[in-house]
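*Asks:* what follows is a predicted protein model with its sequence.
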Amino acid sequence: MQPASRDSDLRAMTQVCMCFHVHQPIRLSRFSYFKIGSQGDSASLDAQYFDEGMNKHYFNKAADQCYIPTNKILQNLLDSSAGKFRFSLSITGTLLEQAKKYRPEVIDSFKALCSTGYVDVLDETYYHSLSSLYADASEFKEQVMQHNAIIRDLLGVSPQSFRNTEAIYSNKIAHAVEAMGYKAIITEGVDHILGWRSPNYVYKPAGCKSIRLLMRNYKLSDDVGFRFSAKSWKEWPLTADKYASWLSATPGQVINLFMDYETFGEHHWKDTGILDFLNALPSQCLAHDNLQFSTVTQAASEFSPADQVNVPYEISWADAERNTSTWLGNRIQRACFSELESLLVQVRMANDSAILDTYRKLQTSDHLMYLSTKGMSDREVHNYFSPYKDSGPYDNFISFMNIISDFKEKVRAKITLQEKEQQPKGAQSPLAESGEDFAKQELQTPKQVQFA
Amino acid sequence: MVVRVAMLGWEFPPFVSGGLGTHCYELTRALSKRGVEIDFFMPKTTFKISEPWLSIYPADWSFFQEYDFQNISLTPVDYSGYCGAGSTSSCNGTLQDAVFSEKAISEYANQQVQSKSYGLGFFEAVKLYNYLSVLMVQKLHSQKPYDLVHCHDWISARAGMQIQRRTGLALVTTIHSTEYDRTASMWPFEQILNVEKDAVQQSDQVITVSKRSAQLLTDRFGADLHRLNVVYNAIDASKFQTRKETYFESQKPVKVVLYHGRLSVQKGVEFFLKAAQKVLSVDRKVRFFISGKGDLLPKLVEMAFDLGISDRVTFLGYVSDEEMKKIFCTSDVLVLPSVSEPFGIVALEAMASGTPALVSKTSGVSERVKNCLTVDFWDTDEMAAKVLAMLNYPSLSEEMRQNSIEEAASITWDEVARQTVDVYELAIRTRYCSRPAAIVI
């Protein structure tokens, strides 16, 4: 896959490794407490739980502002650079599903990018979920497999590297991902993990054998992702040649620039010049003798690890804390998370594909982020991304927990129905009985799990 | 730097009938910490009121000596409401104004000697209080000048305007609530509206307790945006207990939903009862406490009966502050269903006690605090659904409880005093920089 000419001068070159993350959640409806347990079969659950109108609105907005124009720019860049420009992409299943439904041309344009052979697509959980944090590892694995299948199906490529939801990472996650056969995994270049070390090298996760770890250069990534349009920033306006000169002057082997794809056209609108910046960046970088573009998979296979990185507790790229507190920072978030995790067994017992799909859509991490009660600076970021502008975390919690409570009843009803069908008349199922007891105890006050 | 303020207020603890007294108490205390010297003018009461951080002057004839009146104009305070903005001619002490005769003064004086209160009807008493306050401020101002006059609500507003005209002092008026709020815009009292309108238009700076209240002053009274300031109310959280207590009935724990406040149209208590019925249709074990008194009580009792929930609703009547602190601790949710609420300090009191609050979107407090839930007062389905969620999701009530306590502790009167001093300075600048100095009588 690697042209031979590149290998010789590889060591002298700094690789610019860009990875764009493309995601849209399937947003929840407002669901009243009085609707819990109302009539409805499992097939119509999605219509009740998810806000079709809102999802369509947000998807069209993102497609018009970002996906369509940015894909066009990247396509031109790939077509004209003969392999000198290349990048990685991670696209969630929930995005692809909505693209298929609302704007099929978005899928076509991503597929066209992939067919150039210079785009490295990464795998992740189909639903952008926190399933990597569950005690039972099988749900995580299944969601990753599901993602792998949709990428093969819709984009015609087979991912070899991995990016977990919001770059959530730990030794344990690295192990699980290695066991699934991936060559590389990416995460945030968290200061307290790296210590004196630079993020601009390839690392090896502690205790793993073959998998490689790439860590985000958050300073240079956020210069584009967050600060590009900030007029109060002393470097404003950021031009492609200025940015390329910074990259050129950066020591190390691989500069990992990971950012939301929506950076281009949505987080920064077109009139900030972000699309022109992107358009000019490859040629400006390649004008420097020491810069070359590389993908995640490529960088991981070309460089031997500089060191081993030990991450005993989860880190992520979110908020100032760079941990999981964005989604699990308070009681209401942890309550929803543990409710969902504990539903896993029953969802499997229900053995119904519609129920399973709904269950997984509920696991999308965005739903938990909207429940964050963190103060000031992060709150602004959270509010920016929240579609529920006029309501706070408590309202979002009530609606989400109402949905989970209702979903729980539907799952139990399904299990009971199946038990009845399977058992001959008169025979009492111990499972159904215990399930009903469970229902009585828990419906009023959902169980709360204490976290250490 | 504002150092000497003449403040006019109708209430001061322990003489309290609403939130105004508490506000004046906490505000003056916090202002004095910032070096502001306050003379507080209030009605004559049977209470002996004094606090170390301010001088309190009950408005009374006995304050004056005979010879005082040789120096002070006895022009009466106009109350008819025609003296609008700009019509200063009637206020310059010319012959247009009737002057109280010596005889009238001594008659009033005699009346006061004989009765402990003014012995008049409400409006007459307000009028006399205003008149006396003007004379007293004038007298004290001639001995040791004030920097500014600060009035609270319509009830002392006329005096403020009169002092402004007679002495040229800058005037700040705090509008805690308007007649439109108090009556929920049904049959507002014209005479009071006129006073409020004049006060809002003639004060050098106006303080309101929320953005929605400021909006109302602009819409209804044509208030000048440059002279409107929002200073939210605060709470002394240290006065409240945060210990959570469970309410038991026949030795069984029950969940309690609380309403606390006056029982008037403005407060939307009937929406609270309708929501209560909807909650009880799901969960009969919940109890609803309604504390406070007001003219709506008989109607509400009847309504609870008609809704078939009178066995689940308890009317507590008047509850003292000390008892109220305990009731907050035993309540699981506080609901503030107000139709029109300039602020709604009861929500802060509940939060300081660790009781999660559900407040109407038409309340000022909903602008100020983050850790409460909001609802449209008329949407009793949503109100009931939220109450049920708050009662039944322990993670929610615990998260709100902890954050409420933390947030209430951060909403301090020191901050209110800081902002008020800023408004004082603005008022003096408005007074002396943007228009010619007033004619001093």
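*Replies:* Received it, and whenever you're ready, just let me know what you need. Residues are numbered from 1 along each chain as shown, chains lettered A, B, ... in the order given.

*Asks:* how confident was the prediction at the residue in the stretch 251-400 of chain A that chain B sits nearest to?
*Replies:* Nearest residue of the stretch 251-400 of chain A to chain B (C-beta to the nearest C-beta) works out as A:Ala335 at 3.5 Å. To be clear about C-beta, it is placed using only N, CA and C from the backbone, and glycine gets the same treatment. Looking at A:Ala335, its pLDDT is 97.

*Asks:* now the one 3 residues further on
*Replies:* In this prediction, A:Ser338 carries a pLDDT score of 96.

*Asks:* go on, B:Phe64?
*Replies:* 81.

*Asks:* ok, now B:Gln215?
*Replies:* On the pLDDT scale, B:Gln215 gets 95.

*Asks:* before we move on, which element is it in?
*Replies:* Assigned by DSSP states H and E, B:Gln215 belongs to helix B:211-221.

*Asks:* state the helix or strand in which the closest residue in space to the residue of the stretch 251-400 of chain A closest to chain B that isn't next to it in sequence lies.
*Replies:* Of all residues not flanking A:Ala335 in the chain, B:Ser395 sits nearest, at 3.5 Å (C-beta to C-beta, 6 or more residues apart in numbering or on different chains). Following DSSP H and E, one finds B:Ser395 within helix B:394-410.

*Asks:* poorly predicted segments of the chain, please.
*Replies:* No chain was given, so I picked chain A. Across chain A, residues meeting the criterion (pLDDT under 70) sit at A:1-11, A:41-43, A:375-385, A:389-390, A:424-452.

*Asks:* hmm, no, I was thinking of chain B.
*Replies:* For chain B (pLDDT under 70), the answer is B:2, B:18, B:66, B:69-121, B:434-441.

*Asks:* where does chain B get nearest to chain A, which residue?
*Replies:* B:Ser395 (3.5 Å).

*Asks:* quick check: phi and psi on the residue lying closest to A:Ile186 once chain neighbours are set aside?
*Replies:* Take A:Ile186 and drop its neighbours on the chain: the residue closest to it by C-beta to C-beta, 6+ apart is A:Leu214, 4.6 Å away. Backbone torsions of A:Leu214, given as degrees, to the nearest 10, read phi -110, psi 130.

*Asks:* distance of A:Leu214 from A:Val296?
*Replies:* 6 Å (C-beta to C-beta, to the nearest Å).

*Asks:* touching both of the two, which residues are there?
*Replies:* Residues touching both A:Leu214 and A:Val296 by C-beta atoms under 8 Å, 6 or more residues apart in numbering or on different chains: A:Cys17, A:Ala184, A:Ile186.

*Asks:* go ahead and confirm the first one touches A:Met259.
*Replies:* No - the pair formed by A:Cys17 and A:Met259 falls short of the contact definition of C-beta atoms under 8 Å, at 11.9 Å.

*Asks:* between those two, tell me which one has more neighbours.
*Replies:* Taking neighbours as other C-beta atoms under 10 Å in any protein chain shown, A:Cys17 and A:Met259 compare with A:Cys17 leading, 30 against 22.

*Asks:* name the element that one belongs to?
*Replies:* Per DSSP H and E, A:Cys17 falls inside strand A:14-22.

*Asks:* helices or strands up against that strand?
*Replies:* Packed against strand A:14-22 by the contact rule (3 or more C-beta pairs under 8 Å, 6 or more residues apart in numbering or on different chains; DSSP states H and E) you find strand A:87-91, helix A:240-249, strand A:254-260, strand A:291-294, helix A:296-302.

*Asks:* including distance to A:Asp357, could these go into a markdown table?
*Replies:* A markdown table is the format used below for the helices and strands packed on strand A:14-22 (distance: least, C-beta to C-beta, whole Å):
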| stretch | distance to A:Asp357 |
| --- | --- |
| strand A:87-91 | 18 |
| helix A:240-249 | 42 |
| strand A:254-260 | 25 |
| strand A:291-294 | 36 |
| helix A:296-302 | 29 |
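
*Asks:* tell me the most buried of these?
*Replies:* strand A:87-91 (a mean of 26; mean count of other C-beta atoms under 10 Å in any protein chain shown).

*Asks:* in this structure B:Ala389 contacts A:Phe34, no?
*Replies:* No - using C-beta under 8 Å, B:Ala389 is not in contact with A:Phe34; the gap is 10.3 Å.

*Asks:* quick one, which of the two is more surrounded?
*Replies:* Neighbour totals were compared for B:Ala389 and A:Phe34, and B:Ala389 leads with 25 against 16 (other C-beta under 10 Å).

*Asks:* for that one, what are its contacts?
*Replies:* With C-beta under 8 Å, 6+ apart, B:Ala389 has these contacts: A:Tyr33, A:Ile398, A:Met401, A:Asn402, B:Leu396.

*Asks:* measure it to B:Gly268 for me?
*Replies:* For B:Ala389 relative to B:Gly268 (C-beta to C-beta), the value is 20 Å.

*Asks:* repeat for B:Ala409
*Replies:* 28 Å.

*Asks:* same check on B:Ile327?
*Replies:* On the measure of C-beta to C-beta, B:Ile327 and B:Gly268 end up 20 Å apart.

*Asks:* and for B:Trp61?
*Replies:* Noted for B:Trp61: a distance of 43 Å to B:Gly268, by C-beta to C-beta.

*Asks:* which of those two has more neighbours?
*Replies:* More neighbours surround B:Gly268 than the other of B:Trp61 and B:Gly268, with 27 against 18 (other C-beta under 10 Å).

*Asks:* count of neighbours near A:Ala112?
*Replies:* For A:Ala112, using other C-beta under 10 Å, the count is 17.

*Asks:* nearest spatial neighbour of it, skipping sequence neighbours?
*Replies:* A:Gln75 (6.0 Å).

*Asks:* now do the same contact list for the residue nearest the centre of chain A.
*Replies:* Centroid check for chain A by C-alpha atoms, centre = their mean gives A:Thr165 as the closest residue, at 3.6 Å. Going by C-beta under 8 Å, 6+ apart, A:Thr165 touches A:Glu124, A:Thr125, A:His128, A:Ser129, A:Leu130, A:Ser132, A:Ser365.

*Asks:* what residues does the stretch 301-441 of chain B have near chain A?
*Replies:* Taking C-beta under 8 Å from any C-beta of the partner chain as the measure of proximity, the stretch 301-441 of chain B contacts chain A at B:370-371, B:373, B:381-382, B:384-386, B:388-389, B:392-396, B:398-400, B:403.

*Asks:* ok, A:His110 touching A:Leu155?
*Replies:* Check again: residue A:110 is Phe, not His. Yes - using C-beta under 8 Å, A:Phe110 is in contact with A:Leu155, at 6.0 Å.

*Asks:* list the residues that contact both of those two?
*Replies:* A:Ile91.

*Asks:* give me the more crowded residue out of these two.
*Replies:* A:Phe110 (25 against 21).

*Asks:* now the more buried one: how far from A:Phe277?
*Replies:* From A:Phe110 to A:Phe277 the distance is 21 Å (C-beta to C-beta).

*Asks:* A:Leu417 and chain B, how far apart?
*Replies:* 25 Å (C-beta to the nearest C-beta, to the nearest Å).

*Asks:* which of the residues in stretch A:77-94 are buried?
*Replies:* For stretch A:77-94, the neighbour count (16 or more other C-beta atoms under 10 Å in any protein chain shown) marks A:77-78, A:81, A:84-94 as buried.

*Asks:* try stretch A:210-218
*Replies:* A:Ile211, A:Arg212, A:Leu213, A:Leu214, A:Met215, A:Arg216, A:Asn217, A:Tyr218.

*Asks:* quick one, phi psi at the third one?
*Replies:* Looking back up the chat, that one is A:Leu213. phi -120, psi 130.

*Asks:* could you find the closest non-adjacent residue to it?
*Replies:* A:Leu213 sits nearest to A:Tyr203 (C-beta to C-beta, 6+ apart), 4.3 Å away.

*Asks:* alright, calling it a day.
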